[in-house]
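Peer 1: what would the 3D arrangement of this be:
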Amino acid sequence: MESLIKCEDFKKVAIRAALKGGEILIKYRKKDKKIGHKGRINLVTEVDFESERAILKTIKKSFPEHQILTEESQQEKKDSPFKWIIDPLDGTTNYAHDFPSYCVSVALEEKKEIILGVVYNPILDELFIAEKGNGAFLNNKKIFVSKTKKLSQSLLATGFPYDIRESDINNLDHFANFALRAQAIRRAGSAALDLCYLAMGRFDGFWELKLSPWDTAAGSLMVLEAGGKVTDFSGRKYSVYKKDTLATNGKIHKEMMEVLKLGKKLL
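Peer 2: This is a model prediction of the structure:
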């Protein structure tokens, strides 16, 4: 009973934190934004930090002893089996251009296993929640992956790494290969939302490389709890600390793996 109460407390705090982050994104949406660059392409706005501060304040108030890993502040190491993995604004470039595809992502890891994920899309007021062993939900309604069985009938999602201009490993080869085989591909700019939309059946498959833990921690659990499958490109056991992610409804996983093997072979 005590562990169940603790899990419920984790969920309440995660939801509260994600909603607070989302409130800030909406509040500053139409205002002039101070924008900086982490690299030549990777943007960061003042709103990233404002959202992060609100999220961290909420979590630390209830669980000050927990570890924290965020995109902007990186990692706070403490002697705790619990680690919060946070992206205060997934889709910063979209946000900077007022393109309505971005979210807040909050996940909780226990002993290197993701046990809770919350993703909030403030534009559509979509609140995704996944608990290990208890399913995935969108606005309190249980969600499931699609039943699409063939890659040729599938709508896929992906993204491109921030070093696309400097590195040959830039996903352009995979994009071309999938474009010739899938029904269509979307590149919306938020990996966390892509994974949630896969979990609810809007997408049938997702692949991306060079992602960070905060990009996929909550979303990968969402897919698994909705009945999908998540691995690396080779089909090996997935970890949010790996750099490549393949997530599907489970039915097109093998087909997508075969296409990923083609690599630079553009057919």
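Peer 1: how far out from the middle of the chain is the top helix by length along the chain?
Peer 2: Longest helix in the chain, counting residues (DSSP state H): helix 2-27. Helix 2-27 has its C-alpha centroid displaced from the chain centroid by 16 Å (C-alpha atoms, centre = their mean, to the nearest Å).
Peer 1: over to Ala54: give its phi and psi.
Peer 2: With angles defined as degrees, to the nearest 10, Ala54 sits at phi -70, psi -40.
Peer 1: helices along the chain, start to end?
Peer 2: Taking DSSP H as the criterion, the chain carries its helices at 2-27, 46-62, 92-96, 172-179, 191-199, 213-225, 253-262.
Peer 1: mean neighbour count added to those, as JSON lines?
Peer 2: Placement of C-beta: from N, CA and C, glycine included. Putting the helices of the chain into JSON lines (neighbours: other C-beta atoms under 10 Å) gives the following:
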{"stretch": "helix 2-27", "mean neighbour count": "17"}
{"stretch": "helix 46-62", "mean neighbour count": "19"}
{"stretch": "helix 92-96", "mean neighbour count": "21"}
{"stretch": "helix 172-179", "mean neighbour count": "18"}
{"stretch": "helix 191-199", "mean neighbour count": "29"}
{"stretch": "helix 213-225", "mean neighbour count": "28"}
{"stretch": "helix 253-262", "mean neighbour count": "17"}
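Peer 1: just give me the lowest mean pLDDT stretch among those helices.
Peer 2: For the helices of the chain, the weakest mean pLDDT is recorded on helix 2-27, namely a mean of 88.
Peer 1: got the angle for that one vs helix 46-62?
Peer 2: Using axes from the mean of the first three to the mean of the last three C-alpha atoms, to 10 degrees, one finds that helix 2-27 and helix 46-62 are set 160 degrees apart in direction.
Peer 1: elements contacting helix 2-27?
Peer 2: Applying 3 or more C-beta pairs under 8 Å, 6 or more residues apart in numbering; DSSP states H and E, one finds that helix 2-27 makes contact with helix 46-62, strand 82-90, strand 103-110, strand 113-121, strand 126-131.
Peer 1: and Lys33, what's its pLDDT?
Peer 2: 57.
Peer 1: isn't Ala157 up against Ala192?
Peer 2: No - the pair Ala157 and Ala192 fails to qualify as a contact (C-beta atoms under 8 Å) at a distance of 11.3 Å.
Peer 1: near the residue found closest to Gln153 once you drop the neighbours it is linked to in the chain, how many other residues are there?
Peer 2: With C-beta to C-beta, 6 or more residues apart in numbering as the measure, Gln183 is the residue that lies nearest to Gln153, at 5.5 Å, once sequence neighbours are left out. Applying other C-beta atoms under 10 Å, we find 13 residues neighbouring Gln183.
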